[in-house]
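Student: what's the 3D shape of this:
(one chain, ligands or ions: 2)
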Amino acid sequence: NHDFDVLTAARSWRVERGEVPTPAEVVSELFARDVLTLEQLKARLSKPAYKSLRATVERGERLDPGIADTVALAMKTWAMERGATHYTHWFQPLTGSTAEKHDAFVSPNGDGLAIAAFSGKELIQAEPDASSFPSGGLRATFEARGYTAWDPSSPAFIIRHSNGATLCIPTAFASWTGEALDLKTPLLRSAEALNKAVAPALHLFGASEGTRVGSTVGAEQEYFLVAEEYYFRRPDLVMTGRTLFGARPPRGQELEDHYFGAIPDRVLSFMTDAELQLYALGIPVKTRHNEVAPGQFEIAPIFEQSNVAADHQQLLMQVLSNTARKYGLVCLMHEKPFAGVNGSGKHCNWSMGTDAGENLLEPGDTPHENLQFLFFCTAVLKAVDEHQDLLRISVAGASNDHRLGANEAPPAILSIFLGSELTDILDRIESGEGGRGPEAGLLGLGSSVLPRIPRHAGDRNRTSPFAFTGNKFEFRAVGSSQSISFPVTVLNTIVADAVQTLTAELQARLTRGLELDEAVGELVRETYAAHKRIVFNGDGYSEEWHREAEEERGLLNLRTSVDAIEHLGDEKNVRLFGGFGVLTERELAARQEILFDIYFKTVNIEGETTESVAQTMILPAAVAYLGDLARAGGSRAVRETTAEVEAAADELYDALGTLREQNRALGGDTVHEKAYHMRDQILPAMAGVRQAADRLEKLVADAHWPLPTYRQMLFVK
Ligand code: ADP
Ligand code: MG
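Tutor: Ligands and ions are numbered 1, 2, ... in the order given. Model prediction:
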């Protein structure tokens, strides 16, 4: 008999009944309760110290080392008053997760314990043992050490657990030679690059001197929930985050009864609990709903500055995972935990905004605003067209490969959905037609107002990897388990590049004596004509699109992550990242190495897990069932079932032999060679094993089947 129980799973829901605050209490008391905001610091610092810190936080000015001690003291006091016992420099290594090493606020002092000093020096810099974080060779020739450096632009916060709390100080992580070993440093550099490129453009549009520009990001997180009872009975889920076996259930998502349906009580309780914790962390979560697949859900925050949004995204995943366990559930962030069922993405809504709160991708109501909007919008078209490869690389990873191009997920080919209204406007500008169009209504540059472009127009087409949604772009190819830091770093950098080029051209035209509206009109026309091949408003899932994209439009189709990662070190990319000071050639090479390494290790673990589960769980189940059949005598039903099971078991055994052989051979010495071996040998060998195993699942007596099935995991709630 299988050693799990569906009823236990259905009933294992533990409720954590807590006081649920009213919305008014959330606003006045709970929100950002565990965040050391500038407001909090103001009350704890001298006026000059506060002013100096604020200049650093808000305007990116260099931190005055003279105030570090007072800030550190204020932080420590604030944290200890809130029950923190430890502090940590919280950072984002190149694995895509977060890292923390805790230090206690108490420490031994000769004859007992005392409250430890926490000085400015300790606030600003720490030296975790960095040797076990991937460095892609950046440390190999130097010391193995790395250091973390405080990022004052993201506020410190407190993470609570059942027995206390820890002060977390967001930090960057670098080698002693100053090379970035993390995801945050390039993100911060790219935000600065964007500011430097966009501010001069805005100036030409009349913005006041000193206007700062940043990127804003709101990331929608999709995830699955499964009962703990099932999760821990599936070595594949535990080891790899996805099911490596599992026959399709008789019912999948075809009834479409789950999406936006009523949320089950246990799930809603979990969501509410998680949201309250996120509020306390100052994370502005806003929406929650069921997603398309059974057992799949989504949570989305309101957008923030990209650096803060990236930190908050990591925290959000952590809070969801931890909270699920309190309810007897496990939260799966993997892009494709169940084959044949919708995968999970993390739609990254991205825009640019000024420090005065102006959204540069907002069409606006005046001719002037429209000019500016069209300028920045075509800059994004240019950026995406010229750097399709980088956007594809930024979402590369073994797990996202199962999603991109599969059920209801964008293809690996980059294209932009603009919607019919905006496309019509740009087509008319290009053809010089202007005037009243059927879709666009009144049109004219400089002299009259563009039609209002409806918000959310883009949501009607879910098949596009990159969609304009009224006042922002939504990058939908990002995977659910990914950190958004690198995708946003790429977006910031490629748009900075396009804006910089277009600004120079605009400036040249103005110098030649053109009026602003004429100059922008010309530039938008030329840029759109050069890059409109990237615009596609049709069905991105269709076969025809793949053909058209590659054959007629010459768009890149980097089907697998290995194909994509191969291009990271291309000359064009070295120049781009180097030119904007976002990543040096060495830092870029290190990232490429790490991407190959993580790809190889991920698939390697999957290959080994497939082998072990098939050998030690599935084959024995088939053999046991064959024993039953042998004892059951010679009826035709028994004879024919025996023959079928035997055939499938033999197929499994043979496929297992092939996989075992490939698992032993690693395909080469470099991570590069190993990654290819994984893609070209291991994944197909795993598929062979799975095919036979899934056939057996449909033949072997349920009582013998050792793994919880898709039917159980997705439908027993
Ligand atoms: P919907 O999903 O219904 O289209 P919204 O358009 O309001 O909802 O928002 C989707 C996500 O886009 C949210 O996370 C939201 O905060 C984010 N978003 C909205 N405006 C911007 C912006 N200017 N920059 C970045 N993200 C934004
Ligand atoms: Mg969505």
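
Student: OK, contacts around the residue of the stretch 201-350 of the chain found nearest ligand 1?
Tutor: Nearest to ligand 1, among the residues of the stretch 201-350 of the chain, is G218, at 2.4 Å (Cβ to the nearest ligand atom). Using the backbone N, CA and C atoms, a C-beta is placed for each residue, glycine as well. Contact analysis of G218 by Cβ atoms under 8 Å, 6 or more residues apart in numbering lists A300, P301, I302, F303, E304, A309, C348, N349, K472.

Student: Show me just the buried residues among those.
Tutor: A300, P301, F303, E304, A309, C348, N349, K472 (16 or more other Cβ atoms under 10 Å).

Student: Out of those, flag the one nearest to D628.
Tutor: Closest to D628 out of the buried ones among the contacts of G218 is A300 (50.2 Å), distances taken as Cβ to Cβ.

Student: which non-adjacent residue is nearest the closest one?
Tutor: If the residues on either side of it in the chain are set aside, A300 comes closest to E220, at 4.0 Å by Cβ to Cβ, 6 or more residues apart in numbering.

Student: for C377, same thing?
Tutor: L361 (6.4 Å).

Student: Does at least one residue of stretch 481-493 sit close to ligand 1?
Tutor: No: using Cβ under 6 Å from any ligand atom, we find that stretch 481-493 stays clear of ligand 1, coming within 10.3 Å at best.

Student: By mean pLDDT, flag the weakest helix or strand of this protein.
Tutor: Least confident helix or strand of the chain, by mean pLDDT, DSSP states H and E, is helix 6-11 with a mean of 75.

Student: I'd like the mean pLDDT over stretch 188-207, please.
Tutor: Mean pLDDT, computed over stretch 188-207, is 94.

Student: returning to what we had before: mind checking how far the helix or strand that the least confident helix or strand of the chain is followed by is from the chain centre?
Tutor: Per DSSP states H and E, the first helix or strand lying C-terminal to helix 6-11 is helix 23-25. Mean-position distance between helix 23-25 and its chain equals 31 Å (Cα atoms, centre = their mean, to the nearest Å).

Student: buried stuff in helix 23-25?
Tutor: Using 16+ other Cβ under 10 Å as the test for burial, helix 23-25 gives no buried residues.

Student: and the next element down the chain from that helix?
Tutor: helix 38-44.

Student: Can I get that following helix in CSV, CA atoms only?
Tutor: Coordinates of the C-alpha atoms in helix 38-44 are reproduced here as CSV (Å, rounded to 0.1, in the frame of the first residue of the first chain):
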residue,chain,number,x,y,z
LEU,A,38,13.5,57.6,6.8
GLU,A,39,10.7,58.9,9.0
GLN,A,40,11.8,56.6,11.8
LEU,A,41,15.4,57.7,11.4
LYS,A,42,14.5,61.3,11.4
ALA,A,43,13.2,61.0,15.0
ARG,A,44,16.5,59.2,16.0
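
Student: ok, which of the buried ones among the contacts of G218 also contact ligand 1?
Tutor: Checking the buried ones among the contacts of G218 against ligand 1 by Cβ under 6 Å from any ligand atom, the ones in range are A300, P301, F303, N349, K472.

Student: ok, so of the buried ones among the contacts of G218, who is nearest V689?
Tutor: V689 lies nearest to C348 out of the buried ones among the contacts of G218, by Cβ to Cβ, at 35.0 Å.

Student: and this protein, which residues reach ligand 1?
Tutor: 216-218, 220, 300-303, 349-351, 359, 456, 459, 469, 471-472.

Student: hmm, try it at 5 Å
Tutor: Residues of the chain lying close to ligand 1 by Cβ under 5 Å from any ligand atom are T216, G218, A300, I302, F303, N349, S351, N359, H456, K472.

Student: Assign a three-state SS to L316, would you?
Tutor: Assigned state for L316: helix (three-state reduction, DSSP: H, G, I helix; E, B strand; the rest coil).

Student: could you show me where the strands are in the stretch 201-350 of the chain, in order?
Tutor: 213-227, 285-290, 296-301, 304-305, 329-332, 346-354 (DSSP state E, counting those that start in this stretch).

Student: residues of the first one that come out buried?
Tutor: In other words, strand 213-227. 213-227.

Student: before we move on, the earlier item: contacting residues around the least confident helix or strand of the chain?
Tutor: A227, E228, E229, Y230, P708, Q712, V716, K717.

Student: top of these by neighbour count?
Tutor: A227 (27 neighbours; other Cβ atoms under 10 Å).

Student: How about that residue: what's its closest non-neighbour residue?
Tutor: Counting by Cβ to Cβ, 6+ apart, A9 is the residue found nearest to A227 once chain neighbours are left out, at 4.0 Å.

Student: go on, A74?
Tutor: R44 (4.0 Å).

Student: Please give me every residue in contact with the one you found.
Tutor: Shown in contact with R44 (Cβ under 8 Å, 6+ apart): A74, T77, W78.

Student: Same check on A383?
Tutor: L491, I494, V495, D497, A498.

Student: Tell me which helix or strand the third one sits in.
Tutor: This means V495. helix 485-511.

Student: what angle sits between that helix and strand 346-354?
Tutor: The directions of helix 485-511 and strand 346-354 differ by 40 degrees, with axes from the mean of the first three to the mean of the last three Cα atoms, to 10 degrees as the criterion.

Student: need the next SSE after helix 485-511, C-terminal direction.
Tutor: Next along the chain from helix 485-511, counting by DSSP H and E, comes helix 516-531.

Student: related to what we said a few turns ago, specify which member of the ones next to ligand 1 among the buried ones among the contacts of G218 is nearest to E127.
Tutor: The closest of those to E127 turns out to be P301 (Cβ to Cβ; 32.9 Å).

Student: Local confidence estimate at the closest one?
Tutor: Looking at P301, its pLDDT stands at 95.
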